[in-house]
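Participant: Here is a sequence together with a model predicted from it:
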Amino acid sequence: MKGTMVEWSDSLATGILWQDFQHAGLIARINRLHQAIIDKQAQSELRSMIDFLESYIENHFSMEERYMEVMHDPEIRGHARAHQQFRDNLRDLRNFEGTGAQLTAASLCYDLHEWITHHIRTIDKRLGRLIKEQDVS
Ligand SMILES: [Fe+2]
Ligand SMILES: [Fe+2]
């Protein structure tokens, strides 16, 4: 098994309350899903966890993108493209879940965790700084 799945901590803070709150929720849900895959929980349970994660992430991404629009953030296209990549990865996981390829599903879920923590540390922290500078939070 790959390394441990860290929970949200101050090192991931952007300093924007709603962003930090949602990031913590996202990471917790990805971690819970990963554990559920490893524990071989029922497919219906896994599917509803993925459904929930999908709606949670849509809400989060659209909020960040709305802020970028309002602030005329020049990085909006690249940031939105990155969000699309996460959606694609989550869809891959959905497709694997249910095929019985438990190790692949667990590994895809692990990759989601790595993706989101890296995204927060780099692109979202930059967005957080911009929101603070423009004082629009
Ligand atoms: Fe983002
Ligand atoms: Fe984010």
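Facilitator: Nice, thanks for sending it over. Ligands and ions are numbered 1, 2, ... in the order given.

Participant: how much space is there between Ala105 and Ile30?
Facilitator: Distance of Ala105 to Ile30, computed by C-beta to C-beta, to the nearest Å: 13 Å. C-beta coordinates here come from the backbone N, C-alpha and C atoms, glycine included.

Participant: Give me the number of neighbouring residues for Phe61.
Facilitator: Residue neighbour count, defined by other C-beta atoms under 10 Å, stands at 18 for Phe61.

Participant: per-residue pLDDT, it?
Facilitator: For Phe61, the pLDDT comes out at 98.

Participant: right, is the helix or strand harbouring Asn95 up against ligand 1?
Facilitator: Taking DSSP states H and E as the criterion, Asn95 maps to helix 76-96. No - Helix 76-96 lies out of reach of ligand 1 by C-beta under 5 Å from the ion, never closer than 5.7 Å.

Participant: which residues are in contact with the helix or strand just after that helix?
Facilitator: Using DSSP H and E, the helix or strand that follows helix 76-96 in sequence is helix 102-119. Helix 102-119 is contacted from outside by 1-2, 5-6, 12, 23, 26-27, 30-31, 33-34, 37-38, 40, 82, 85-86, 89-90, 92-93, 96-97, 99, using C-beta atoms under 8 Å, 6 or more residues apart in numbering.
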